[in-house]
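Asks: Task: produce atomic coordinates for the following.
(2 chains)
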Amino acid sequence: MDTLFPLLLQQLINGLSLGAIYALIAIGYTMVYGIIGMINFAHGEIYMIGAYVGLITITAIGTAMGYPPWFLVVAALGIAIMVTCAYGWTVERFAYRSLRGSPRLVPLISAIGMSIFLQNYIVILQTSRDLSVPELITGHLFSIDVGGFEVSMSNSRALILLVTIALMAAVTLFIGHARMGRACRACSQDIRMAGLLGIDVNKVISFTFILGAFLAAVGGVLIGLSINKINPFIGFLAGIKAFTAAVLGGIGSVPGAMLGGALLGLVETFASAFLPTEYKDLVAFGLLIVILLIRPSGLLGRPEVEKV
Amino acid sequence: MRDTTKTKILKDAFIAATVTAILTVPLIGMRLKVESTGLTLHKDFMWPVIAVLVVFVARLVLPFLLIPKVSIPAAWSRKAADHRKWWLGAFVVLALVWPFTPLGSSTMLTAMTMAMIYVLLALGLNIVVGYAGLLDLGHAAFYAIGAYTYALLNVHFGFGFWEALLFAGLSAALFGILLGFPVLRLRGDYLAIVTLGFGEIVRITLNNWDSLTHGPDGINNISKPTLLGYEITRRARTEDGTTLWQALGIDYNNIYQQLVLYFIAFLLVVIAAFLINRLVKMPIGRAWEALREDEIACRSLALNPTMIKLTAFSLGSMFAGFAGAFYAAFLGSVTPASFGFIESAIILSIVVLGGMGSQRGVVLAALVLTLLPEFARGFAEYRMLIFGAVMVLMMIWRPQGLWPASRRRVELPS
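Replies: Predicted structure coming up:
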């Protein structure tokens, strides 16, 4: 009892920062799904590419040059976002655009192919070894003593939470109020009608992919800085988990993706506190199957009606 | 008017070149290497510069060229293939004869036996993806279940290959039903993710359940199959057992054993291909294809979509279970590492390349994709990259596959 409460508190902090990363990736899945109804399988790889470009930027500028760490972090984020958005756009342009309107299986297989391609593209270019990311953000935001047990929050985790919350607010405002955001909502309701009413559907879809890649890149760079280790295979697992988060919150719903990400992060860290760590990944997959069984439309999603 | 199109082309080319630069400069131009001094960055901008120039020129030139719609021609003329099944006879004869030609070396026999395992796996997945139109990304899970079922039954209970083969197929099918029953009622693309998750669950469980599966080390000393009750190893495992070589009165040679294993694999493939071929012509097979084309129409004709999908899913898993049991027997050991997502992806790309729903295409693609790394050195490194690219390009240019199945049709006499 004495150590349980601080343990739970610590897991809450860890879980929320992990969930924030899932939520960032999940928005990309959910928006693409909401608008063109496909699972963008390659999205996890986009996140991984973000992490790599971030590390390349940091290494290129060099930690020994005397630039302050915040400058390196900002540069890594900026360049990773630019490159990753270009990848997001290119993937859509080449692998998905010409397949619009074909049977559902066709773009899905193309997406899986793209995912395998991108993963091995990075393996070949940047080796498949674990690469260590320099610890740019050190120290703890707070470290308090709760009943003889230390509960702390590192600055890198705090940064993840802060950036994620800011981005979530921005995305919510953008989708609710900006012209492009309105176009996105129109397309997710009825893409043909939106096209007939003069919305450039191609532009909206491209934008969705770019926004998804933007958020995934931020997630990738931040996770690299937080756990200090990346490899080309991180995108695969993170991708499935973020998709689980999107399904949990209700696929197609942006607030759902945020909620789902936070919940999944919490469930996973709490489970890993009580289960052997090897089984941590099983929790997410098990949860996915259970949600699909009980409530396939997710927490905030609308049930889908298939029209003839 | 002409001027504006010219500026537009120039602008497009400029944008395309900029995007290419952004894509290639950091990832292709700069490579991270781990060295003794720590992480270093090697810069070499030759390829990015070439890529940018090529894209810029291509974008400038392309609008002035009339590009015919690209399509890869079918491997063979469709009519000839459909009416006379020459390819079937040719395939069987070739498969039986080549080991006795100078080609039949030890490495080739091993490679061809592995190729046969992939044919079997792809034939099973073809039922699920090709005929029933359900995307299964966890086929390797059922392959693993089959392999471990035989491995455990053999090591702990002394089951022989042929008895255990049945159980391996059944247990894979059972897991297929358990997983499929809740999930198959849902929209198709959920199945893809759930099967992917299931594949990982199976791999992680096998990796960590030390008391049953010995974790990452896997299970060793699994018996080889027997042939007509005779063992094919150098010495019989039991006191009263006889080896095939003693019965035939010839000296043991490693290559004979490989030959027998190859023929057993081939036999399994022929049986599977025959069974699936008959199944597809039965009402259930027709129902799979009908369901793939239009689920709502099927439902209004009183077909139960969940049950029909479930039969396809469990049958596909069963064949993967058979393949797994043979794989365990062939190698003599199983480890969880052989059943990752990569395996599922390879099997899927075989089905996609050959043509979803086309058995002959799938057989051809399985042989090509598994034998290619044997012949092309240096190909192995780029194998998965090429598989991924092939899946994308096939979907764009030729979604029906290299050697598509012909559609059955009946015309009313006019």
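Asks: going forward, measure contacts and count neighbours with C-alpha atoms only.
Replies: Noted.
Asks: Distance of B:M318 relative to chain A?
Replies: Look at B:M318 and chain A: by C-alpha to the nearest C-alpha, to the nearest Å, they are 22 Å apart.
Asks: ok, now B:L121?
Replies: On the measure of C-alpha to the nearest C-alpha, B:L121 and chain A end up 18 Å apart.
Asks: name the element that residue belongs to?
Replies: helix B:106-125 (DSSP states H and E).
Asks: can you dump the C-alpha coordinates of that helix into CSV?
Replies: Provided in CSV are the C-alpha atoms of helix B:106-125 (Å, rounded to 0.1, in the frame of the first residue of the first chain):
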residue,chain,number,x,y,z
SER,B,106,22.1,-30.3,-52.7
THR,B,107,21.7,-26.5,-52.5
MET,B,108,19.1,-26.5,-55.3
LEU,B,109,17.1,-29.2,-53.6
THR,B,110,17.1,-27.3,-50.3
ALA,B,111,16.1,-24.1,-52.1
MET,B,112,13.3,-25.9,-54.0
THR,B,113,12.0,-27.5,-50.9
MET,B,114,11.8,-24.1,-49.2
ALA,B,115,10.1,-22.8,-52.4
MET,B,116,7.5,-25.6,-52.1
ILE,B,117,6.8,-24.5,-48.5
TYR,B,118,6.2,-21.0,-49.8
VAL,B,119,4.0,-22.3,-52.6
LEU,B,120,1.9,-24.1,-49.9
LEU,B,121,1.7,-21.0,-47.7
ALA,B,122,0.8,-18.8,-50.7
LEU,B,123,-1.9,-21.3,-51.9
GLY,B,124,-3.4,-21.1,-48.4
LEU,B,125,-3.3,-17.3,-48.3
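Asks: Could you list the buried residues of the helix or strand just after it?
Replies: Of the helices and strands lying after helix B:106-125 in sequence (DSSP H and E), the nearest is helix B:139-157. Using 16 or more other C-alpha atoms under 10 Å in any protein chain shown as the test for burial, helix B:139-157 gives B:139-154.
Asks: And for stretch B:39-54?
Replies: B:L39, B:T40, B:L41, B:P48, B:V49, B:A51, B:V52.
Asks: Check what pLDDT the fifth one gets.
Replies: Looking at B:V49, its pLDDT reads 91.
Asks: is the host helix or strand of it anywhere near chain A?
Replies: For B:V49, the host element (DSSP H and E) is helix B:46-61. No: Helix B:46-61 does not reach chain A (C-alpha under 8 Å from any C-alpha of the partner chain); its nearest approach is 11.9 Å.
Asks: got the contact list for that helix?
Replies: B:9-10, B:12-14, B:16-18, B:20-21, B:24-25, B:28-29 (C-alpha atoms under 8 Å, 6 or more residues apart in numbering or on different chains).
Asks: interface residues of the stretch 51-200 of chain B facing chain A?
Replies: With C-alpha under 8 Å from any C-alpha as the criterion, the stretch 51-200 of chain B meets chain A at residues B:G133, B:L135, B:P182, B:V183, B:L186, B:D189, B:I193, B:V194, B:G197, B:F198, B:E200.
Asks: Please identify the helix or strand for the third one.
Replies: Using DSSP H and E, B:P182 falls within helix B:161-183.
Asks: give the contact list for the closest residue to B:F339 other than its chain neighbours.
Replies: Spatially, and ignoring its direct neighbours in sequence, B:F339 is nearest to B:A140 (5.4 Å; C-alpha to C-alpha, 6 or more residues apart in numbering or on different chains). Contacts of B:A140 were listed using C-alpha under 8 Å, 6+ apart, and they are B:G199, B:A320, B:F339, B:G340, B:F341, B:E343, B:S344.
Asks: Quick check: which ranges of the stretch 201-308 of chain A have low pLDDT?
Replies: For the stretch 201-308 of chain A, the stretches with pLDDT under 70 are A:302-308.
Asks: Apart from its neighbours in sequence, what residue is nearest A:I199?
Replies: Distances taken as C-alpha to C-alpha, 6+ apart place A:A183 nearest to A:I199, at 6.7 Å, with adjacent residues excluded.
Asks: what's the distance between B:T40 and A:L55?
Replies: Relative to A:L55, B:T40 is positioned 11 Å away (C-alpha to C-alpha, to the nearest Å).
Asks: Double-check A:L293 against B:P182; I have them as touching.
Replies: Yes: judged on C-alpha atoms under 8 Å, A:L293 makes contact with B:P182 at a distance of 6.0 Å.
Asks: neighbour count winner among those two?
Replies: B:P182 (17 against 14; other C-alpha atoms under 10 Å in any protein chain shown).
Asks: Next one: that one from A:P107, what distance?
Replies: 25 Å.
Asks: residue boundaries of the strands in chain A?
Replies: Secondary structure of chain A by DSSP state E: the strands cover A:131-132, A:140-146, A:149-154, A:229-230.
Asks: Quick one: list the elements packing against the last one.
Replies: By that I understand strand A:229-230. Applying 3 or more C-alpha pairs under 8 Å, 6 or more residues apart in numbering or on different chains; DSSP states H and E, we find strand A:229-230 packed against strand A:131-132.
Asks: Secondary structure class of B:L41, three-state.
Replies: strand (DSSP: H, G, I helix; E, B strand; the rest coil).
Asks: which residues does it contact?
Replies: A:I56, A:T59, A:A60, B:M30, B:R31, B:L32, B:K33.
Asks: And for B:A323?
Replies: Residues near B:A323 by C-alpha under 8 Å, 6+ apart: B:I117, B:Y118, B:L120, B:L121, B:Y143, B:G146, B:A147.
Asks: wait, B:D251 sits on B:L244?
Replies: No: with contacts counted by C-alpha under 8 Å, B:D251 stays clear of B:L244, the gap being 10.0 Å.
Asks: between these two, which one's more packed in?
Replies: Neighbours were counted for B:D251 and for B:L244 using other C-alpha under 10 Å; B:L244 has more, 22 against 10.
Asks: From B:N254, how far out is the more buried one?
Replies: B:L244 is 13 Å from B:N254, by C-alpha to C-alpha.
Asks: what do you get for B:V183?
Replies: From B:V183 over to B:N254 (counting by C-alpha to C-alpha), the distance is 46 Å.
Asks: between these two, who's got more neighbours?
Replies: B:V183 (23 against 12).
Asks: gap between that one and B:L291?
Replies: Applying C-alpha to C-alpha, the value for B:V183 to B:L291 is 16 Å.
Asks: list the contacts for A:R100?
Replies: A:P107.
Asks: mind checking the backbone torsions on it?
Replies: Dihedral pair for A:R100: phi -70, psi 130, per degrees, to the nearest 10.
Asks: State the pLDDT value of it.
Replies: A:R100 is assigned 86 on the pLDDT scale.
Asks: repeat for A:T63
Replies: Reported pLDDT for A:T63: 65.
Asks: hang on, isn't A:I79 packed against A:V53?
Replies: Yes: look at A:I79 against A:V53 with C-alpha under 8 Å: they come within range, at 7.2 Å.
Asks: neighbour-wise, which of the two wins?
Replies: A:V53 (26 against 20).
Asks: For the closest residue in space to the more buried one that isn't next to it in sequence, list the residues it contacts.
Replies: Using C-alpha to C-alpha, 6+ apart and skipping the chain neighbours, the partner closest in space to A:V53 is A:A80 (5.1 Å). Listed by C-alpha under 8 Å, 6+ apart, the contact partners of A:A80 are A:G50, A:A51, A:V53, A:G54, A:T57, A:A217, A:V218, A:V221.
Asks: what's the answer for A:S132, then?
Replies: A:N228, A:K229, A:I230, B:L39.
Asks: List the residue ranges of chain B that fall below the pLDDT cut-off.
Replies: Where chain B drops to pLDDT under 70, the residues are B:1-4, B:66-85, B:187-188, B:229, B:234-242, B:246, B:249, B:376-378, B:407-414.
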